[in-house]
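> Build the 3D model from these lines:
(one chain, ligands or ions: 3)
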Amino acid sequence: MESGAPFLVVDDLTVKFPTADGLVQAVTGLSYQVELGKTLGIVGESGSGKSVSSMAVLGLHDARSAQIQGSIRVGGTEVVGLSESKMRSLRGNQVAMIFQDALAALHPFYKVGKQLGEAYLVHHPQATKREARQRAIEMLDRVGIPQPDRRVDQFPHQYSGGMRQRAMIAMGLINDPSLLIADEPTTALDVTVQAQILDLLQDLQSEFNSAIVIITHDLGVVAEMADDVLVMYGGRAVEYGPCRDILVHPEMPYTWGLLSSVPDVTADTSARMIPIPGNPPSLLEPPTGCAFHPRCVHRDKVPGDLCTTTLPELLPGVRGANHVKRCHLADPDTIYATEVLPEIAPDLAEELR
Ligand SMILES: Nc1ncnc2c1ncn2[C@@H]1O[C@H](COP(=O)(O)OP(=O)(O)OP(=O)(O)O)[C@@H](O)[C@H]1O
Ligand code: SF4
Ligand SMILES: [Mg+2]
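Ligands and ions are numbered 1, 2, ... in the order given. Now for the predicted structure:
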């Protein structure tokens, strides 16, 4: 596939979990796409459906406990309803996922090199053990592990946290996947290692032209990495579009809240951190209307009781069709520039005036 072709197309995806307490509506009507060579950042608070939707892309949900509807195409192959054996051959080969917790992804009893080699052999049954070991060393080297020919024979606990994360990335990339999903890949790491890992992902992407989905709480990470951004709230997309557009001209009050709680992202030295009040919505009994309404301080600007009664559709914003948002506000651009930005980043607001 050429650069520019959407490699991952998620269309109207819904994931529900029947539980003793009722139906958990983890993801509802979610659509997005990612081209080869591009990065999508998915942001949203805890429980917004970021991991559940991404795990569906890798076919990681148990059909007995998850109800999945809609379509997910990976390189043209429909993943929803795909048999486990076909899914296995896609996973690790065309699509790989790296997780927040490298310790959970690496088996403590096996040497790192053996685990990497196994991941290679699954998709290269013709290869010898020696070739797999050589490939493991090469990948450890690629992700910046010093003395890879010695480190390959060590156990995960002999690696530092940053090195384990690198080893997991090496495992994810060992078969040159076209799509890499990174679920909070740097959250557990200190800031310096975090920056190194993000650089590494970017280098590897430019080399392999892979599509990347990076899931994070941190809009700073998104600003650095992503071409497009998807903001999720209560299992739904609430704002989606080009990264720069969303960071500079966000149109949905929830996105404003996320931006307000990450001062660096505006590059304003006088920026203030203002956490979003209240809690994420229940997915068992989601609020009526706009799911963000119980926490939204701008809903009085919408006429009548629309916010509490009517779910806003995901519609193009004021700046073009490829920036969509789910909100009833008629003039979000002005509200952001005149009310929100002066609160969170006075210098920047002054500059734009
Ligand atoms: N197997 C399951 N059974 C029931 N509910 C589930 C199951 N898996 C996830 N959920 C629920 O689905 C919702 C979405 O979870 P998800 O893990 O996608 O959130 P997230 O956005 O990744 O959050 P975080 O930032 O904390 O990782 C949560 O409310 C979670 O409790
Ligand atoms: S639809 Fe209403 S409640 Fe929802 S974000 Fe917009 S203004 Fe706030
Ligand atoms: Mg998650």
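
> Show me the residue of the stretch 101-250 of the chain that gets nearest to ligand 1, please.
Taking C-beta to the nearest ligand atom, ligand 1 has its nearest neighbour within the stretch 101-250 of the chain at residue 217, 6.0 Å off. Backbone N, C-alpha and C define where each C-beta goes, glycine included.

> Got the phi and psi for that residue?
phi -90, psi -10 (degrees, to the nearest 10).

> swap in residue 296?
phi -90, psi 130.

> Just the buried positions in the strand or helix carrying residue 224, please.
Per DSSP states H and E: residue 224 is located in helix 219-225. By 16 or more other C-beta atoms under 10 Å, the buried positions in helix 219-225 come out as 219, 221-225.

> How about stretch 330-350?
332, 335-336, 340-342, 344-345, 348-349.

> if we can go back for a sec, pull the number of nearby residues for the residue of the stretch 101-250 of the chain closest to ligand 1.
Around residue 217 there are 18 other residues, counting by other C-beta atoms under 10 Å.

> now residue 179
21.

> got it, and the one 10 residues further on?
Residue 189 has 19 neighbours, counted by other C-beta under 10 Å.

> Strands of the stretch 101-250 of the chain, residue ranges please.
Ranges of strands within the stretch 101-250 of the chain are 179-183, 211-216, 228-233, 236-242, based on DSSP state E, counting those that start in this stretch.

> partners of the third one in the sheet?
In other words, strand 228-233. Strand pairing for strand 228-233, using DSSP bridges, gives strand 39-43 (parallel), strand 236-242 (antiparallel).

> tilt between the first one and strand 211-216?
In other words, strand 39-43. 20 degrees (axes from the mean of the first three to the mean of the last three C-alpha atoms, to 10 degrees).

> which residues make contact with strand 39-43 from outside it?
32, 34, 50, 53-54, 205, 211-219, 221-222, 225-232, 243, 258 (C-beta atoms under 8 Å, 6 or more residues apart in numbering).

> Recalculate using a threshold of 6 Å.
Strand 39-43 has contacts (C-beta atoms under 6 Å, 6 or more residues apart in numbering) with 34, 50, 212-215, 222, 225-231.

> for residue 291, what are its contacts?
233-234, 281.

> same thing with residue 12?
29, 31, 70.

> Can you say which of those residues are buried?
Buried, going by 16+ other C-beta under 10 Å: 31, 70, out of the contacts of residue 12.

> Adding secondary structure, pLDDT and distance to residue 81 as columns, could you present the contacts of residue 12 in a markdown table?
Converted to a markdown table, the contacts of residue 12 look like this (DSSP: H, G, I helix; E, B strand; the rest coil; pLDDT from 0 to 100; distance: C-beta to C-beta, whole Å):
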| residue | secondary structure | pLDDT | distance to residue 81 |
| --- | --- | --- | --- |
| 29 | strand | 98 | 18 |
| 31 | strand | 98 | 18 |
| 70 | strand | 98 | 11 |
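
> What residues does the nearest residue to residue 281 once chain neighbours are set aside make contact with?
Of all residues not flanking residue 281 in the chain, residue 234 sits nearest, at 4.4 Å (C-beta to C-beta, 6 or more residues apart in numbering). Taking C-beta under 6 Å, 6+ apart, we find residue 234 in contact with 281, 286, 291.

> Local confidence estimate at residue 341?
Note for residue 341: predicted pLDDT of 88.

> where do the helices sit along the stretch 251-353 of the chain?
For the stretch 251-353 of the chain, applying DSSP state H, counting those that start in this stretch gives helices covering 253-260, 306-309, 332-335, 341-344, 346-352.

> Among the ones you listed, which comes closest to ligand 3?
helix 253-260 (15.4 Å; C-beta to the ion).

> Now look at that closest one and say if it contacts ligand 1.
No - judged by C-beta under 6 Å from any ligand atom, helix 253-260 makes no contact with ligand 1; its nearest approach is 12.3 Å.

> Just checking that helix against ligand 2, any contact.
Yes - Helix 253-260 comes into contact with ligand 2 (C-beta under 6 Å from any ligand atom), by way of residue 253.

> what does that helix rub up against?
219, 231, 233, 238-239, 250, 274, 276, 292, 296, 298, 340, 344.

> hang on, the earlier thing: from the buried residues of helix 219-225, pick the one nearest residue 309.
residue 219 (30.4 Å; C-beta to C-beta).

> I'd like the C-alpha coordinates of the top helix by length along the chain written as PDB, please.
With secondary structure taken from DSSP state H, the chain has its longest helix at helix 191-208. What follows is helix 191-208, C-alpha atoms only, in PDB (Å, rounded to 0.1, in the frame of the first residue of the first chain):
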ATOM      1  CA  VAL A 191      10.500  12.600  31.300                       C
ATOM      2  CA  THR A 192      13.900  12.000  29.600                       C
ATOM      3  CA  VAL A 193      13.300   8.400  28.700                       C
ATOM      4  CA  GLN A 194       9.800   9.400  27.600                       C
ATOM      5  CA  ALA A 195      11.200  11.800  25.100                       C
ATOM      6  CA  GLN A 196      13.700   9.200  23.800                       C
ATOM      7  CA  ILE A 197      11.000   6.600  23.300                       C
ATOM      8  CA  LEU A 198       8.800   9.100  21.400                       C
ATOM      9  CA  ASP A 199      11.800  10.100  19.200                       C
ATOM     10  CA  LEU A 200      12.500   6.400  18.600                       C
ATOM     11  CA  LEU A 201       8.900   5.800  17.500                       C
ATOM     12  CA  GLN A 202       9.100   8.700  15.100                       C
ATOM     13  CA  ASP A 203      12.400   7.500  13.700                       C
ATOM     14  CA  LEU A 204      11.100   4.000  13.200                       C
ATOM     15  CA  GLN A 205       8.000   5.400  11.500                       C
ATOM     16  CA  SER A 206       9.900   7.400   9.000                       C
ATOM     17  CA  GLU A 207      12.000   4.300   8.200                       C
ATOM     18  CA  PHE A 208       9.200   1.800   7.900                       C
END
